[in-house]
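> pasting a predicted model and its sequence here:
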Amino acid sequence: ALVAGAAIASALELKDSCYVFHKSEDKLIRLKRKLTMLLLLSSFALEISAVFITTVTNTMLLGNASHMAIGSYHALNTFAYSATEMLHRELEFEYLASRLFFFQGLINW
């Protein structure tokens, strides 16, 4: 969430200079300004998505005990040698998406 806040702050700071063009500027400089804004905004979106995905995943894990108690088909098998192994086996999309979104957001920032 801190990276998302820093990215949106940087984007808002650069907003005015990104869309004000001078006649003496090269087209390449204009393109670089627009790409910088795109990277900052995508960094914000990716970081917020990573926070949302991890929050939903934690809620699923916390609610798993009630599913196991009634013998529901949707219960997760949480027995594993490590937490990472359990996430790879049971929640692989959430694990992969949160890691990719977080690291890509850092790179874009």
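Here it is on my side, so go on. Numbering: from 1, shown residues only.
> only C-alpha atoms for contact and neighbour calcs from this point on.
Noted.
> quick check: residue 94 vs residue 42, distance?
Distance from residue 94 to residue 42, counting by CA to CA, to the nearest Å: 19 Å.
> name the helices or strands packed onto the helix ranked longest in the chain?
Looking across the chain with DSSP state H, the single longest helix is helix 27-62. Taking 3 or more CA pairs under 8 Å, 6 or more residues apart in numbering; DSSP states H and E as contact, the helices and strands that helix 27-62 lies on are helix 2-19, helix 92-108.
> average pLDDT across it?
Mean per-residue pLDDT for helix 27-62: 84.
> how many degrees apart are that helix and helix 2-19 in direction?
160 degrees (axes from the mean of the first three to the mean of the last three CA atoms, to 10 degrees).
> hmm, back to that, least reliable of the helices and strands packed on helix 27-62 going by mean pLDDT?
For the helices and strands packed on helix 27-62, the stretch scoring lowest in mean pLDDT is helix 2-19; its value is a mean of 72.
> give me the number of residues near residue 29?
12 (other CA atoms under 10 Å).
> tell me the contacts of it?
Contact partners of residue 29, counting by CA atoms under 8 Å, 6 or more residues apart in numbering, are absent.
> so how far is residue 35 from it?
10 Å.
> pipe the helices and strands packed on helix 27-62 into CSV and attach mean neighbour count and distance to residue 63 per row.
Formatted as CSV, the helices and strands packed on helix 27-62 follow (neighbours: other CA atoms under 10 Å; distance: least, CA to CA, whole Å):
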stretch, mean neighbour count, distance to residue 63
helix 2-19, 16, 27
helix 92-108, 17, 16
